[in-house]
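Undergrad: what follows is a predicted protein model with its sequence.
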Amino acid sequence: MKKTIYKVPTDEQDKLLKELEGRSDTEAVRIKHYLAMEDLSRTKGNPLCEIVEKVTNLPNLKDFDHINIPEVIPTSIIFDLFGFSADHPARSKSDTYYVDEKNVLRTHDTVMWYYYFNLPEVKEKIARGEDLGVFCYGKVYRKDEIDRKHMNIFHQMGALYLVPDSKRTVPFDELKKVLADIVETVFGKEIKYRFSPETFPYTDPSTEVEVEINNEWFEILGSGMPKKEVLKNFGIEGYNGWAFGFGLERLAIIDMELPDIRLLWSKDPRVIKQLKLGQKFVEVSKYPPIVRDISFVVKNDFIPNDYFDLVRETAPNLVEEVHLLDKYENEEKFGKEMVSYAFRITYRSTERTLASEEIDVIHKKLEQETTRIFNAKVR
């Protein structure tokens, strides 16, 4: 194989984003901001980029193609083509960012299969019966809770390798050897790891890899042999091989024992110089937290994941965790179809000490926005 770098045209995405520019609603502003955030998997010096470079330069993977796909994907591709049922949680607007009714911010990188197989050059390779190997990596977007290990914007890396059936049948152990090479190049030769059987919708057999850090086992990636019927959905017949995918943040956090995912985005030189694979992170300073509670009554169609986005935007990079303290209904007290929520918000900067007065202002604004956006009654 000879490596080629492919960038899928983004004409449709550009058209949608141009329409988005003319909108000022909360969701549109939110999406524009998220798309503008840098891709850490392509930011030199960032450990996520370091992982990408280490994996893609492995001897048995260095000739794989690379593909850069759009960040706005039609639901007909990302959900329908991949067999997501009509009631699958990923289709919900409480889990996924919708640019409009038919297009979303990409939620997984496996969607690169569609774009790769539709490249004219790849179709020619298939017609000639050539081996196929491709990497895809970059930002993905899913509405999520707020804590030190999760963000709603993160990075995935996936790979696919296929050979014609007429040449050979790729053994499952070949995939395991590839995964072992990846684990050892990221975590070092001394790392303890194991394979565990798993079930995934696109592969069979499938396995996940776990590594042991400080006597605790962590799952780091999923993989398997693509199902023939799945490949057929993309017009690919007479091929077999393997695929894998993982979250870059997860590997970096485990490897460096990073206490807070937000540190990967830090601009603090004292933090940046420590963000190196194989180097345990030593906190520059454990800045003290400031805790504030907020409780409110809201209609029972309230979606917490939407609220977490509001919290993030009201206090950018200052919220360490949002914890649900209480949720209950009392029709006599609150009215019909109304629910009471109480959240505990931990404000903590990774770069400086926060002043109580500063957080008081931010928290007051959060109360006001909670009332305005969710038509809530703050208690």
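TA: Thanks, I have it. Numbers count the residues shown, from 1 in each chain.
Undergrad: quick check: the spatially most distant residue from the centre of the chain vs residue 248, distance?
TA: The centre of the chain is farthest from one residue, residue 332, which by C-alpha atoms, centre = their mean lies 42.0 Å away. Distance from residue 332 to residue 248, counting by C-beta to C-beta, to the nearest Å: 50 Å. All C-beta atoms are positioned from the backbone trio N, CA, C, and that covers glycine.
Undergrad: show the contacting residues for the closest residue to residue 308 other than its chain neighbours.
TA: Residue nearest to residue 308 in three dimensions, not counting chain neighbours: residue 146, with 5.1 Å by C-beta to C-beta, 6 or more residues apart in numbering. Going by C-beta atoms under 8 Å, 6 or more residues apart in numbering, residue 146 touches 308, 311-312, 319-322.
Undergrad: just the buried members of those?
TA: 308, 311-312, 319-322 (16 or more other C-beta atoms under 10 Å).
Undergrad: in strands, which of those appear?
TA: Counting by DSSP state E, the part of the buried ones among the contacts of residue 146 found in strands is 319-322.
Undergrad: contacts only, for residue 111.
TA: 69, 73, 77-78, 82 are the contacts of residue 111 under C-beta under 8 Å, 6+ apart.
Undergrad: doesn't it belong to a strand?
TA: No. Applying DSSP: H, G, I helix; E, B strand; the rest coil, one finds residue 111 to be helix, outside a strand.
Undergrad: check the residue farthest from the centre of the chain and give its pLDDT.
TA: With respect to pLDDT, residue 332 scores 90.
Undergrad: how close does it sit to residue 72?
TA: Counting by C-beta to C-beta, the gap from residue 332 to residue 72 is 46 Å.
Undergrad: list the beta-bridge partners for the residue nearest the centre of the chain.
TA: Centroid-nearest residue in the chain, with C-alpha atoms, centre = their mean: residue 154, separated by 3.7 Å. The partner list for residue 154 in beta bridges (DSSP bridges) reads residue 140.
Undergrad: report how many residues lie close to the closest residue in space to residue 222 that isn't next to it in sequence.
TA: Nearest residue to residue 222, sequence neighbours excluded (C-beta to C-beta, 6+ apart): residue 208, at 5.0 Å. Neighbour count for residue 208, taken as other C-beta atoms under 10 Å: 20.
Undergrad: which element is residue 208 on?
TA: strand 203-213 (DSSP states H and E).
Undergrad: could you dump the ones in strands among the buried ones among the contacts of residue 146 to TSV with pLDDT and distance to residue 375?
TA: Converted to TSV, these look like this (pLDDT from 0 to 100; distance: C-beta to C-beta, whole Å):
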residue	pLDDT	distance to residue 375
319	97	23
320	96	28
321	97	26
322	97	20
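Undergrad: just these now: which is nearest residue 298?
TA: residue 322 (15.3 Å; C-beta to C-beta).
Undergrad: any idea what the closest one is bridged to?
TA: Beta-bridge partners of residue 322, as defined by DSSP bridges: residue 345.
Undergrad: look up how far residue 265 lies from it.
TA: For residue 322, the distance to residue 265 - C-beta to C-beta - is 18 Å.
Undergrad: equivalent analysis for residue 65, please.
TA: Taken as C-beta to C-beta, the span from residue 65 to residue 265 is 29 Å.
Undergrad: among these two, which residue is more densely surrounded?
TA: The neighbour count for residue 65 versus residue 265, taken as other C-beta under 10 Å, is higher for residue 65 (22 against 16).
Undergrad: so that one touches residue 130, yeah?
TA: No. If you go by C-beta atoms under 8 Å, residue 65 and residue 130 don't touch, sitting 11.3 Å apart.
Undergrad: mind listing the strands for the stretch 151-300 of the chain?
TA: 153-164, 192-198, 203-213, 216-226, 239-247, 290-299 (DSSP state E, counting those that start in this stretch).
Undergrad: make TSV out of the ones you listed and add distance to residue 370.
TA: Shown next, in TSV, are these (distance: least, C-beta to C-beta, whole Å):
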stretch	distance to residue 370
strand 153-164	22
strand 192-198	40
strand 203-213	39
strand 216-226	35
strand 239-247	30
strand 290-299	6
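Undergrad: dump the ones you listed into TSV; add mean pLDDT and distance to residue 59 as well.
TA: Compiled in TSV, the strands of the stretch 151-300 of the chain are given as follows (pLDDT from 0 to 100; distance: least, C-beta to C-beta, whole Å):
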stretch	mean pLDDT	distance to residue 59
strand 153-164	97	14
strand 192-198	95	19
strand 203-213	95	19
strand 216-226	95	19
strand 239-247	97	17
strand 290-299	97	50
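Undergrad: give me the domain ranges for this structure.
TA: 5-256, 290-378 (automatic domain parsing).
Undergrad: can you tell which of those domains is closest to residue 271?
TA: Per C-beta to C-beta, nearest to residue 271 of the domains of the chain: domain 290-378, 6.9 Å.
Undergrad: distance between the ends of the closest one?
TA: 20 Å (C-alpha to C-alpha, to the nearest Å).
Undergrad: do stretch 63-74 as well
TA: By C-alpha to C-alpha, the extent of stretch 63-74 from end to end equals 30 Å.
Undergrad: list the buried residues in it.
TA: 64-74.
Undergrad: was I right to think residue 78 contacts residue 107?
TA: Yes. Assessed by C-beta under 8 Å, residue 78 is found in contact with residue 107 at 6.5 Å.
Undergrad: show me how far the helix of greatest length in the chain is from its chain's centre.
TA: Ranked by number of residues, the top helix in the chain under DSSP state H is helix 356-374. Chain-centre distance of helix 356-374: 28 Å, with C-alpha atoms, centre = their mean, to the nearest Å.
Undergrad: good, we can wrap up now.
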